[in-house]
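>>> Coordinates for the following, if possible.
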Amino acid sequence: MQLKGKVAAITGGTAGIGLGIAKAFLAEGARVTLMARNQTKAEQVLEGLDAGDRCVFFPGDAMSQSDVESFIDQTVSHCGRIDILVNNAGGASDLQPLVDLSDQAFDEAMKWNVYSTFWAMRRALPPMLAQSWGRIINISSTEGKVGKPVFTAYSTAKHAVNGMTKAVAKEVGAQGVTVNAICPGLVITDIIKATGPATAESMGMSFEEMVALFSQESAIKRPNTVEEVAAMAVLLASDAGAGITGSALSVDGGTAPY
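Modelled structure (predicted):
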């Protein structure tokens with residue numbers, strides 16, 4: 001029960017890594033609020049979690065500043081505080097070589113990954129600083145440390161998330177708030193199963209070939225699991241993680257060179 005009495009807000013919290021972190025936080029005693037776009041799916045997720053009033057859903061789009069800020073405000077209003085923020089919303093879409101990448105696609109990658117994180121952090125920091133305790137965990141990616149063809153916009157966005165993480169950590173570290181990023185490698189979630197074939201096609205290969213390539217690039221020769229990423233989030237969110245801040249921590253099976 002490392003997180004008993006803590007309140008955690010998770011964007012993109014009803015699927016994949018976000019849902020895995022929610023489950024891990026609930027198991028450790030936290031109260032959790034989730035934000036995502038699909039109300040129907042969220043209701044099914046809440047029923048499956050069976051956490052009662054310890055888990056609440058607020059609908060919102062991470063690409064909307066007002067939705068993101070409202071989510072933080074609703075968390076504080078409903079739970080009386082916010083201790084942990086997990087910026088999980090984000091992803092890669094419209095993968096194109098740079099010469100074919102449109103301004104709109106690049107802007108959307110920034111808004112989905114960078115601006116959503118910026119908006120949520122800026123809104124959550126004042127109540128965290130007021131209580132002299134807080135944990136911000138930004139879900140980045142191995143692509144925030146390395147790059148791959150056609151991942152230009154996504155890699156740029158995740159490099160920016162890592163840089164923002166490091167800068168803000170320096171601003172608030174002496175006031176009891178830690179700020180870290182987790183950089184997962186390939187994790188086979190339902191979302192990846194749905195979007196992976198198109199991603200692989202943009203890379204000129206099949207989905208199976210893409211999984212094999214990503215696995216071969218790692219030291220463990222397999223994709224990581226949601227549970228492995230969630231375990232790192234629990235560490236960073238707990239008192240045990242008090243000495244870790246300003247870090248972009250890889251959970252990628254040894255893929256990134258640093």
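>>> Quick check: the residue sitting furthest away from the middle of the chain vs residue 108, distance?
Distance from the C-alpha centroid of the chain peaks at residue 99, with 28.6 Å (Cα atoms, centre = their mean). The gap separating residue 99 from residue 108 is 18 Å, by Cβ to Cβ, to the nearest Å. For every residue, glycine as well, the C-beta is placed using N, CA and C.
>>> How about residue 23?
In terms of Cβ to Cβ, residue 23 sits 29 Å off from residue 108.
>>> Give me the more crowded residue out of these two.
Neighbours per residue (other Cβ atoms under 10 Å) separate residue 23 from residue 108, with residue 23 holding more: 19 against 16.
>>> List the contacts of the more buried one.
49, 230 (Cβ atoms under 8 Å, 6 or more residues apart in numbering).
>>> Name the next helix or strand downstream of the helix or strand where it lies, please.
Assigning secondary structure by DSSP states H and E places residue 23 in helix 16-27. Sequence order places strand 31-36 as the next helix or strand after helix 16-27, per DSSP H and E.
>>> and that following strand, how far out from the chain's middle?
With Cα atoms, centre = their mean, to the nearest Å as the basis, strand 31-36 stands 13 Å off its chain's centre.
>>> Ok, stretch 16-24 next?
Relative to its chain's centre, stretch 16-24 lies at 10 Å (Cα atoms, centre = their mean).
>>> Same question for stretch 236-245.
17 Å.
>>> Which helix or strand in the protein has the lowest average pLDDT?
Lowest on mean pLDDT, DSSP states H and E among the helices and strands of the chain sits helix 190-202, with a mean of 89.
>>> Kindly format the C-alpha coordinates of it as PDB.
This file holds the C-alpha atoms of helix 190-202, laid out as PDB (Å, rounded to 0.1, in the frame of the first residue of the first chain):
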ATOM      1  CA  ASP A 190      -4.700  -3.300 -27.800                       C
ATOM      2  CA  ILE A 191      -4.000   0.100 -29.300                       C
ATOM      3  CA  ILE A 192      -0.800  -1.200 -30.800                       C
ATOM      4  CA  LYS A 193      -2.600  -4.200 -32.200                       C
ATOM      5  CA  ALA A 194      -5.100  -1.900 -33.800                       C
ATOM      6  CA  THR A 195      -2.700   0.700 -35.200                       C
ATOM      7  CA  GLY A 196       0.400  -1.400 -35.600                       C
ATOM      8  CA  PRO A 197      -0.200  -2.800 -39.000                       C
ATOM      9  CA  ALA A 198      -0.500   0.700 -40.500                       C
ATOM     10  CA  THR A 199       2.600   1.800 -38.600                       C
ATOM     11  CA  ALA A 200       4.500  -1.200 -39.900                       C
ATOM     12  CA  GLU A 201       3.300  -0.600 -43.500                       C
ATOM     13  CA  SER A 202       4.600   3.000 -43.300                       C
END
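>>> Other residues contacting that helix?
In contact with helix 190-202 (Cβ under 8 Å, 6+ apart) are residues 15-16, 91-93, 95-96, 150, 186, 206-207, 209-211.
>>> which residue packs closest to residue 83, ignoring adjacent ones?
What sits nearest to residue 83 in space, not counting adjacent residues and going by Cβ to Cβ, 6 or more residues apart in numbering, is residue 6, at 4.2 Å.
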